[in-house]
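Q: next come a sequence and a model predicted from it.
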Amino acid sequence: MAATSARSTALPAFVAAAILLMGLVSAVPDPALCPFELGYNPTFNADGSILSCTKGQETFQVDEAGILARSLRGIGASSLGLISGIIDGDLTVVTKFVEPNAIFDLPGLGPTPIGPAVFAFAAQEFVFPPGADKSAVFQLSQYHFLDNNDPRVASVHVTVFAATKTIDYDSVWRFNLVDGRRVWQLQTTSNIKLVPRN
């Protein structure tokens, strides 16, 4: 009788321990959440419970749902789509990743709505060598949410390596509903700097 009683109390304790262990294992963040394609590498704290994504001196902690990391990856995909549209001269693709009321702070022109002046600037400055790897001609950094950490509005610094110059600018992106699906679209650019490349 005592053995049966011991077994009956040991079983729930074992099940509880197994459930707790499964919870701890499932709580370990997935390092694949870090957008490695944008140069961010996963790093864990000493006990492996906290995941951060690191790129040079920049680092951000991955929350439990991975919202920050997923949104950065989404902006990276939209940036690649935008760059690809510019390289291919496809305005349909470009406008998919830019808000209809987007404003671009262009050198010499100031804040300019999307239109002929913006397209002319892009055609003149965003020139790349033939066959350039589209995923390698830009970098994102200094990423964070805006508007009280609203995960639908984010700021990111963009560096583009064109054929003859490096183009640096700050940008704001919004997670908009486009043709029935959510897409990160460029809302504004500012502080554009054009630096000749040697």
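A: Noted; the coordinates are in hand.
Q: quick check on the residue nearest the centre of the chain: phi, psi?
A: With distances taken as C-alpha atoms, centre = their mean, the residue of the chain nearest its centroid is residue 72 (1.5 Å). Dihedral pair for residue 72: phi -60, psi -40, per degrees, to the nearest 10.
Q: for it, give me its contacts.
A: 35, 38, 40, 53, 140, 143, 154, 156 (C-beta atoms under 8 Å, 6 or more residues apart in numbering). Any C-beta I mention is one placed from the backbone N, CA and C, and that applies to glycine too.
Q: ok, residue 145 next?
A: 68, 71, 151, 153-155.
Q: roughly how far does it sit from residue 75?
A: 11 Å (C-beta to C-beta, to the nearest Å).
Q: pLDDT of stretch 123-138, averaged?
A: Stretch 123-138 shows an average pLDDT of 89 in the prediction.
Q: contacts for that stretch?
A: Taking C-beta under 8 Å, 6+ apart as the rule, stretch 123-138 contacts 37, 79-80, 83-84, 86-87, 89, 158-165, 167, 194.
Q: do a quick rundown of the strands in this protein.
A: 41-44, 51-55, 58-61, 98-106, 110-113, 138-146, 150-161, 165-178, 181-196 (DSSP state E).
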